[in-house]
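**Q** okay, predicted coordinates and the sequence, questions at the end:
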There are 2 protein chains.
Amino acid sequence: MTSSPPPARHPTTAPHRGASRHNSPSSRLDPEIAARLKRSADGLLPAIAQQYDTGEVLMLGWMDDEALHRTLTTGRCTYWSRSRREYWVKGDTSGHVQWVKSVALDCDADTVLVKVDQVGAACHTGARTCFDADVLLKEAELGVPARSEHQDQ
Amino acid sequence: MTSSPPPARHPTTAPHRGASRHNSPSSRLDPEIAARLKRSADGLLPAIAQQYDTGEVLMLGWMDDEALHRTLTTGRCTYWSRSRREYWVKGDTSGHVQWVKSVALDCDADTVLVKVDQVGAACHTGARTCFDADVLLKEAELGVPARSEHQDQ
């Protein structure tokens, strides 16, 4: 893997020269924040997008330092696409924009939670969220004792 | 990295002999599900835990096939601890159990969403969620035009 992703394609993802998926000193992310991040081996953090008012978990994307910087400063949720190897401003192609409402790091500084106002479908399939279609377990199917019976275990 | 994690320590995490962080044939996960999963390089999926009724995003953990199997079949949310290299049944040490309500895969089969009933604090710091303490951006701080003004971009 190279350390310099290709320039982003979209007008609102103007390439930041020298941006890197790793903790590049050229990322414009606040150094105080950057110093705290605990990134995966490929320099990324999982980022959970949640609809700010309904609480729906919409999707999970990935951010490097620069994507987090853009998410914090542009009002548009911006990811690093691992498959396309470019910055991805959610909605630039589909119109299904995620307007950023708030951004938080978790206690280990290795995960981002972005509360957004999602325009239309979050999922590329057209579903409202990426978790709508493939339910592995519904509550009624859980073949285990009810909660009260668990307490003795 | 080895392919065989050490046995889990807790009574409710009885070791599954041969369990692996990779797609081991010895995982007890339904083969139809296992065949669809797109795992990270270390054989894991990010797993988002969400409070089923309030919608709070509580934390993000990691699951291998066997952890997902246990989550689907035991009623207790079970992760793979990357730092301790063992299965981690949430609440076994703290009492802060996550009772599983539903489990879904996302559209790419590379992320798990587990809706749970969280007992007490989800975060090891004592906070209700792992995202309570480190807010990088609140809505009022967003120094960008309001949504309507964005539409022309």
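**A** That came in fine, so what should we check first?
**Q** per-residue confidence at the spatially most central residue of chain A?
**A** In chain A, the centroid-proximal residue (CA atoms, centre = their mean) is residue A:47; its distance is 2.8 Å. Model confidence at residue A:47, expressed as pLDDT, equals 98.
**Q** surely it meets residue A:57?
**A** No. Assessed by CB atoms under 8 Å, residue A:47 is found out of contact with residue A:57, at 11.7 Å. Yep, even glycine has a C-beta here, placed from its N, CA and C like the rest.
**Q** related to what we said a few turns ago, what's the closest non-adjacent residue to the residue nearest to the centre of chain A?
**A** Once flanking residues are discounted, residue A:47 sits nearest to residue A:112: 4.1 Å by CB to CB, 6 or more residues apart in numbering or on different chains.
**Q** do residue A:135 as well
**A** residue B:104 (4.7 Å).
**Q** would you agree the one you found falls within a strand?
**A** Yes. With DSSP: H, G, I helix; E, B strand; the rest coil as the criterion, residue B:104 is part of a strand.
**Q** about what we covered before: spit out the contact partners of the residue nearest to residue A:47.
**A** A:45-48, A:63, A:68, A:71, A:103-106 (CB atoms under 8 Å, 6 or more residues apart in numbering or on different chains).
**Q** so residue A:99, which of the three states?
**A** Going by three-state DSSP: residue A:99 is strand.
**Q** which positions are bridged to it in the beta structure?
**A** Beta bridges link residue A:99 to residue A:76, residue A:117, judged by DSSP bridges.
**Q** and after the lengthiest helix in chain A, which helix or strand comes next?
**A** Ranked by residue count under DSSP state H, the longest helix found in chain A is helix A:65-74. Using DSSP states H and E, the helix or strand that follows helix A:65-74 towards the C-terminus is strand A:78-81.
**Q** the residue in chain A that chain B sits nearest to in helix, strand or coil?
**A** Closest contact between chain A and chain B, by CB to the nearest CB, is at residue A:55 (2.2 Å). Residue A:55 falls in the coil class when you classify it by three-state DSSP.
**Q** what about the nearest residue to residue A:138 once chain neighbours are set aside, neighbour count?
**A** Leaving aside its sequence neighbours, residue A:138 sits nearest to residue B:102 (CB to CB, 6+ apart; 5.5 Å). Residues near residue B:102, counting by other CB atoms under 10 Å in any protein chain shown, number 19.
**Q** pretty sure residue B:102 sits against residue B:53.
**A** No. At 11.8 Å, residue B:102 does not count as touching residue B:53 under the criterion of CB under 8 Å.
**Q** that older thread, mind giving me the packing neighbours of the helix or strand that contains the residue nearest to the centre of chain A?
**A** Residue A:47 is part of strand A:45-51, with elements assigned from DSSP H and E. If contacts are counted by 3 or more CB pairs under 8 Å, 6 or more residues apart in numbering or on different chains; DSSP states H and E, strand A:45-51 sits against strand A:57-63, helix A:65-74, strand A:112-118, strand B:57-63.
**Q** and that strand, which strands flank it?
**A** Strand A:45-51 is paired, per DSSP bridges, with strand A:57-63 (antiparallel), strand A:112-118 (parallel).
**Q** which residues touch that strand?
**A** Applying CB under 8 Å, 6+ apart, the external contacts of strand A:45-51 come out as A:37, A:39-40, A:56-64, A:67-68, A:71, A:77, A:79, A:90, A:98, A:110-118, A:122, B:46, B:48, B:55, B:57, B:60.
**Q** again, only using 7 Å
**A** For strand A:45-51, contacts defined as CB atoms under 7 Å, 6 or more residues apart in numbering or on different chains pick out A:37, A:39, A:56-63, A:77, A:79, A:98, A:110-116, A:118, A:122, B:46, B:48, B:57, B:60.
**Q** shouldn't residue A:35 be within a helix?
**A** Yes. Applying three-state DSSP, one finds residue A:35 inside a helix.
**Q** so what pLDDT did it get?
**A** With respect to pLDDT, residue A:35 has a value of 97.
**Q** can you count the residues close to the closest residue to residue A:46 other than its chain neighbours?
**A** Of all residues not flanking residue A:46 in the chain, residue B:46 sits nearest, at 4.9 Å (CB to CB, 6+ apart). Residues near residue B:46, counting by other CB under 10 Å, number 20.
**Q** next one: residue A:95
**A** Neighbour count of residue A:95, defined by other CB under 10 Å: 9.
**Q** for residue A:81, same thing?
**A** Around residue A:81 there are 14 residues (other CB under 10 Å).
**Q** give the contact list for it.
**A** With contact set as CB under 7 Å, 6+ apart, residue A:81 has these partners: residue A:88.
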